[in-house]
Structure formats: C-alpha cells, structure tokens
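Colleague: 3D model of this:
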Amino acid sequence: MTELQVKTQKGSLKKFLATFLAFCVCLTTVFVDGAFAQAADQQSTKAEFKKSEYTLARTDGANVDLSKEISPDNAGTASDWTSNNAEKITVSNAGVVSLTEAGKADNNAITAKITAKVNQNTLECTVKVLASDLEEPDDGDDEKPVVSPDASFKAPEYPLARGGSLNLGDQVSPSNATKTDWSSDDAAKISVTSAGVVTLTAAGEAYEDAFTATVAVKANGKQITCKVNVEEAAPTPPVPVVKNDSVTSVTVSPKTLTAKAGETKKVTATVALASDKDTAITKKLAKTVTWKSDNDKVATVDASGNVKAVAAGTAKITATSTADSKKSDVCTVTVTEDKKDDEKPADTTVAVSGITLNAKTIYLKTGTKFNAKAAVAPAKATNKKVTWTSNKKNIATVNANGVITAKKKTGKATITAKAGNKSAKITVNVVKKAKKTTSVKLSKSKVTLTVKDNFALAATLSKGATSKVKWTTSDKKVASVKDGVVTAKKKGVAVITATADGKSADCVVTVKDAKGKKAATLKVKTKKISVKVKKTKKIQVTLAKKDSVKSYVSSNKKIATVSKKGVVTGKKKGKATIIVTTKKGAVATIPVTVK
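Modeller: Residues are numbered from 1 along each chain as shown. The predicted structure follows:
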C-alpha cells in the first residue's frame with residue numbers, strides 16, 4: 001500500500017469517527033430534553049379543589065364528599081384532612097364533611113376551612129352552613145329586595161257547589177304565605193272575602209247555566225290565580241197534576257190564639273183527601289198549603305205556619321190548599337200590647353275563634369318563674385276567660401294567672417291554656433343551670449290586626465337558654481306590647497321588638513281601622529339596608545304629590561339610628577327596622593342589617 005493510500009484511509013476513518021460522535025451527542029441531547037419536558041409536564045399538573053367554597057345543608061344526614069371535588073381526576077389520593085372548626089363541622093379521613101351535634105344545635109351561619117394534602121401539595125377550601133331560618137346570605141346589595149318564597153294554588157281549578165262555599169285561603173301553598181287583595185273577575189256571580197272564602201251571589205245562584213270565574217290573590221307579593229267552576233243548576237222537576245176533587249177539606253189548629261208582641265207561635269194545617277189511589281208524590285203535593293196574613297202590621301206568617309206577633313190588634317191567618325184554592329181554613333190571632341220585660345233577650349254570644357301564647361318552648365332554671373300570657377280572638381268574644389293546666393306538676397306548675405313555676409326536679413312538662421273550645425300549649429324544660437341565648441326568633445315577622453284586637457307573639461331563644469325577654473314597640477299609639485301580647489290601638493304601622501342578651505328580633509304590626517282600612521303603603525327605592533358599624537346609608541323614598549316625610553324611626557337604636565333626613569348609622573352588629581311615615585299617613589318599613 002502506498003503512502004498516499006494509507007493517508008487516505010486514515011482521513012476517512014477520522015471523518016467517520018467525528019460523524020459518529022456527533023450523532024451520539026444529538027441522541028443524548030434529545031433524550032435529556034425529552035426527560036426535562038416530561039418532568040416539566042408532571043410539575044405543571046398541580047392538584048386543587050374544583051371550587052373555593054361549598055355549601056353544606058342542615059338536613060339530617062347531609063354531607064359533602066370533597067374527595068370527589070379534587071382536580072385533576074388523576075391527581076392522586078388525598079390525605080391529612082383537617083377542619084379549623086372541627087367542633088361544629090367535621091371532616092373524615094376520606095374527605096366527607098358533615099355537621100356535628102354542636103353544629104346542628106347552632107342556629108347561626110357556620111363556616112370552616114378544610115385542608116388536605118395531595119402529592120405534597122396542600123389543598124384548601126371553605127365549607128359554609130346557612131342559618132337555620134334559611135335566609136339568603138347577605139350579598140351587600142342595598143337595592144336588592146328581600147325575596148319571599150313563591151306561592152301558588154295547590155290546584156289550577158276548584159269546584160264550587162251551589163249553595164255552598166269554598167275556602168281558597170287554605171289552598172295557597174306555602175300555608176304561611178302572606179295573602180292580600182282577593183278578587184273575582186266575575187264579582188256579579190262569585191264573591192270572595194278578604195280571607196279567600198268564595199260563595200255564589202244571589203245572581204250567581206239564579207244563573208242556571210254552568211260557568212267559570214277566575215279568582216286572584218296577591219301571595220308573597222306576587223299575583224296568583226285559579227279557576228272556580230260552577231256546575232249547571234239541577235233541573236226543576238215537573239209539578240205533578242193534582243185533580244181538584246182530590247182535596248175535600250183544610251183544617252187549621254188552633255182556630256184562635258193570643259200572643260204578645262214579639263212572640264212566635266205555631267199554627268198547623270191538615271188536608272183531607274178523597275182518594276187513596278193517588279201516587280205518593282201526588283198525595284204529598286195535595287197535602288201542602290200556602291199561608292197568608294190579612295194584616296202583616298199585626299201578625300205575619302211564614303211558609304211553615306209560624307205566626308209572629310208584631311203589634312197589638314187582630315189578624316186572620318189563612319191556610320189554602322195548593323191543589324184546590326177553594327179549600328181553606330182560618331186562625332184568628334189576637335196580639336196584646338208589647339211588654340219589653342217579657343221579651344226574650346237576643347243571643348249575643350260570640351264564640352272564641354283562636355288563642356295565641358307568648359311562648360312555645362321555654363327553658364327554666366329550677367325554682368324560677370315565667371309569666372305566660374294569652375291573647376284570645378276575636379276581641380268581642382263572650383267567654384275570654386283563660387284556664388291554665390300542667391300535665392306534670394312535679395316538674396312545673398301554673399297558677400290561674402298563667403305564672404309558671406319550675407320545680408326542683410328537672411324534666412319536661414306541658415302547660416295548656418284554654419278559652420272557649422280553643423287551646424294552645426307551651427313546652428317547659430326545667431334545667432339545673434342558667435344559660436344565655438345566642439339568638440332570638442319570633443313566631444311572626446308580620447301581623448295584621450284590627451283596632452282593639454290582641455295577638456300574642458311567641459319568642460323562641462336558642463336551645464337551653466333561660467334568658468328573660470324584653471318587649472318594646474316603635475309606636476305605642478299604634479300598637480302596645482306587654483309580655484309579648486300586642487294590642488292594636490289605631491290605624492298605622494308599628495314594629496314590636498323582642499330582646500334578650502343583646503340579641504333581638506322584630507315583628508311588623510299593621511293595624512287596620514274598624515272599617516278594615518289600613519295606612520297607605522309608601523313607595524321606597526331602598527328596599528333593605530346593609531351597613532357596617534359606624535358607616536351610614538341614605539334612605540330613598542318616592543313621595544306622592546304634596547306629601548312629605550313626617551318621621552323616621554328605628555326599632556332598635558342600639559343596633560341602628562336614623563336621622564330626620566333618613567340617614568341610617570350602624571351602631572353595632574345586629575338587625576333592626578326603620579319605619580318611615582309621611583304627613584298624609586303613608587307608611588313603609590325597611591329592614592336594616594348592621595355588619
């Protein structure tokens with residue numbers, strides 16, 4: 001091999017080695033870059049909850065499984081589950097969140113921060129439980145009105161029997177919906193009362209064909225309707241023909257009678273028939289008579305022969321056969337002078353329609369007392385006397401005035417108040433230790449009364465609380481309150497407030513006059529107010545022509561005050577109500593929440 005060939009081979013070998021080395025370097029770089037890219041992809045997939053906040057219902061057995069709320073689905077198994085409010089909201093090792101017994105007993109809104117670990121990452125979210133009264137969370141929007149549950153009739157149509165009545169007030173769901181402004185689109189035939197009771201008018205009863213009317217009512221602020229169907233009147237049966245010779249005579253008894261003015265006495269008539277071959281219906285018709293008085297100023301007579309003495313004098317009462325007008329008989333009535341002492345007094349008895357109490361469930365420390373009060377409706381009820389009884393006198397007794405005394409033995413007793421044939425009950429729990437309340441609730445948030453009516457508001461405290469309740473009214477001239485019993489004074493609006501241990505609740509009382517008229521409603525742009533402590537909000541109202549605001553009043557000045565110009569100032573956390581009254585008597589109430 002020549003020297004040139006050797007050099008050529010060496011040069012080729014060097015090129016090959018250089019090329020091979022470059023290929024290896026590229027292959028290594030691709031592998032390393034791919035590994036880095038894969039590692040970067042793994043690092044970018046970080047586990048987290050799908051939402052930052054979850055709501056836990058208060059219903060029995062309700063829970064939230066947060067293990068199913070981790071994203072992405074292949075993030076891995078979560079561990080080290082914790083709750084920063086484990087006393088009331090607990091989380092299991094599997095990530096299931098639920099209320100503890102303490103949480104169920106707490107009627108207020110509750111929150112807890114839940115954490116867990118996935119692949120060394122810490123996940124975090126908030127679980128919230130609404131207050132037991134199911135109020136919507138306050139979103140801070142001052143202009144957003146308080147929304148009541150939608151109401152509706154239980155059925156779209158209802159039958160109304162001729163001569164009967166239909167209570168549509170009981171057919172609105174929910175049963176506690178506020179119902180006003182009942183109306184019928186055919187009022188000439190179908191009438192509806194302010195309580196929703198539907199009946200046929202005289203014109204409706206006389207109208208023989210079937211017809212339908214629409215009844216409307218404003219329920220929880222929205223108008224709802226239903227159909228009321230009346231069937232065709234039953235046809236009048238044909239009058240059987242009775243031969244004149246079937247009746248032989250008519251005889252009245254007695255032939256004469258004497259009565260004092262105001263008295264009512266009975267006269268009977270006997271019809272004799274000539275033939276026994278007539279049908280039963282023919283006999284029945286043939287034996288009927290018509291009655292007539294020849295002097296209604298002395299004595300009147302009805303279709304059954306009842307004679308009413310009117311004034312001193314003489315009158316002839318005649319019974320005539322309906323089958324043969326020629327057959328009749330006469331009773332002579334002598335009416336003596338009217339003597340008021342002999343008159344029977346009219347029945348003025350007014351039955352009790354209902355009874356309300358100032359408590360439903362109470363807790364009393366052994367040896368302490370509670371003044372139970374009752375309100376009997378209507379105000380004109382004849383027998384308004386209330387009797388009180390206890391089913392377990394070794395636990396709690398009650399005297400004739402409704403004073404309940406807790407005995408030394410702990411336990412539960414039922415106190416019953418009865419007036420007429422109506423009754424109401426209070427559950428009394430006797431405990432050893434006194435306890436402050438964390439909340440106050442009233443049996444009604446709105447009540448409409450007529451002047452002189454009474455109504456007892458029941459105040460409910462948190463479970464086990466033995467605190468005393470203080471009652472106040474925003475306007476004693478409209479409605480007064482004592483131990484929870486509200487008395488309507490004059491037409492207008494007043495706010496009744498129950499307070500215990502710094503907690504309070506309001507009830508808006510609307511009072512109508514004796515004619516059923518209530519104060520006009522003032523239109524307001526500010527439907528509700530949410531304000532922080534030491535901060536202010538201005539109330540906006542829409543006034544009628546030539547009208548102006550007379551006053552702004554706060555139901556609880558410790559929670560919120562209001563200036564003469566309608567500027568509300570938050571004092572401390574809680575709830576109150578602002579009452580706005582104009583010079584023309586229009587009224588509006590605005591709920592205030594101080595945060």
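Colleague: going forward, measure contacts between C-alpha atoms and count neighbours the same way
Modeller: OK.
Colleague: got a list of what the nearest residue to residue 179 once chain neighbours are set aside touches?
Modeller: Spatially, and ignoring its direct neighbours in sequence, residue 179 is nearest to residue 219 (4.6 Å; C-alpha to C-alpha, 6 or more residues apart in numbering). For residue 219, the contact set (C-alpha atoms under 8 Å, 6 or more residues apart in numbering) comprises 150, 151, 152, 177, 178, 179, 180.
Colleague: Filter the residues you listed down to just the buried residues.
Modeller: Buried members of the contacts of residue 219, scored by 16 or more other C-alpha atoms under 10 Å, are 151, 152, 177, 178, 179, 180.
Colleague: pLDDT of stretch 228-242, averaged?
Modeller: Average pLDDT, stretch 228-242: 73.
Colleague: whoops, I mixed them up, stretch 130-150
Modeller: 56.
Colleague: do the same with stretch 536-552
Modeller: 89.
Colleague: Would you mark the buried spots in it?
Modeller: For stretch 536-552, the neighbour count (16+ other C-alpha under 10 Å) marks 536, 537, 539, 541, 548, 549, 551, 552 as buried.
Colleague: Quickly list what the nearest residue to the first one once chain neighbours are set aside is bridged to.
Modeller: Yep, that's residue 536 we're talking about. In space, residue 536 comes closest to residue 569 once its chain neighbours are excluded; the distance is 4.5 Å by C-alpha to C-alpha, 6+ apart. For residue 569, the beta-bridge partners are residue 536, residue 561 (DSSP bridges).
Colleague: cool, and residue 321?
Modeller: residue 289.
Colleague: go on, residue 128?
Modeller: With DSSP bridges as the rule, residue 128 is bridged to residue 55, residue 111.
Colleague: do the same with residue 330
Modeller: Residues in beta-bridge contact with residue 330 (DSSP bridges): residue 318.
Colleague: Kindly report the same for the one 4 residues further on.
Modeller: Note on residue 334: beta-bridge partners by DSSP bridges are residue 258, residue 314.
Colleague: Which element, helix or strand, includes residue 104?
Modeller: Using DSSP states H and E, residue 104 maps to helix 101-105.
Colleague: on that earlier part again, and the buried ones among the contacts of residue 219 as TSV, adding secondary structure and distance to residue 442?
Modeller: Output for the buried ones among the contacts of residue 219, formatted as TSV (DSSP: H, G, I helix; E, B strand; the rest coil; distance: C-alpha to C-alpha, whole Å):
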residue	secondary structure	distance to residue 442
151	coil	22
152	strand	25
177	coil	16
178	coil	16
179	strand	20
180	strand	22
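Colleague: Would you check which pair of those lies furthest apart?
Modeller: 152 and 180 (13.4 Å; C-alpha to C-alpha).
Colleague: For the residue nearest to residue 536, give me its contacts.
Modeller: 531, 533, 534, 535, 536, 537, 560, 561, 562.
Colleague: out of these, who's nearest residue 330?
Modeller: residue 562 (81.5 Å).
Colleague: Pretty sure the closest one sits against residue 555.
Modeller: No - with contact defined as C-alpha atoms under 8 Å, residue 562 does not count as touching residue 555 (10.0 Å).
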